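> coordinates only, sequence not included:
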């Protein structure tokens with residue numbers, strides 16, 4: 001069964017950090033580009049960051065540039081999103097997606113091959 005599972009979300013104070021994980025099962029992430037997306041209540045889904053499977057190229061939305069870092073560990077079949085200097089406006093459900101098209105992930109134009117179930121990130125004092 002092809003599956004993506006996110007973990008690592010939680011409640012954190014402003015200025016804090018979290019590391020999200022996106023673990024794949026049933027398929028090899030080596031052959032897929034991965035994107036992180038988020039959706040806050042009442043807002044549209046927003047692309048956060050992407051990482052290429054071919055050359056390691058990365059993309060970040062302006063709102064997270066300099067604060068978030070995406071990385072992948074192919075040996076663990078997992079992609080990470082390190083989130084530092086978190087702000088209340090980062091509060092959302094975070095999802096990872098896998099797709100053979102890096103351009104489509106960066107553009108946010110689905111549907112994508114696979115989505116995770118999401119993990120809640122809440123930034124509040």
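All right, it came through fine. As the structure is a prediction and not an experimental result, all values here were calculated from the model.
> In the chain, what residue spans correspond to helices?
Along the chain, counting by DSSP state H, helices occupy 102-107.
> Just name the shakiest helix or strand of it by mean pLDDT.
Sorting the helices and strands of the chain by mean pLDDT, DSSP states H and E puts strand 114-115 at the bottom, at a mean of 92.
> In terms of secondary structure, what does that one contact?
Applying 3 or more C-beta pairs under 8 Å, 6 or more residues apart in numbering; DSSP states H and E, we find strand 114-115 packed against strand 3-7, strand 92-99. Quick note: C-beta positions are derived from backbone N, CA and C, even for glycine.
> neighbouring strands for the first one, and are they parallel or not?
Each strand paired with strand 3-7, and its direction, by DSSP bridges: strand 18-25 (antiparallel).
> cool, the last one as well?
Partners of strand 92-99 in the sheet, by DSSP bridges, are strand 33-39 (antiparallel), strand 114-115 (antiparallel), strand 119-123 (antiparallel).
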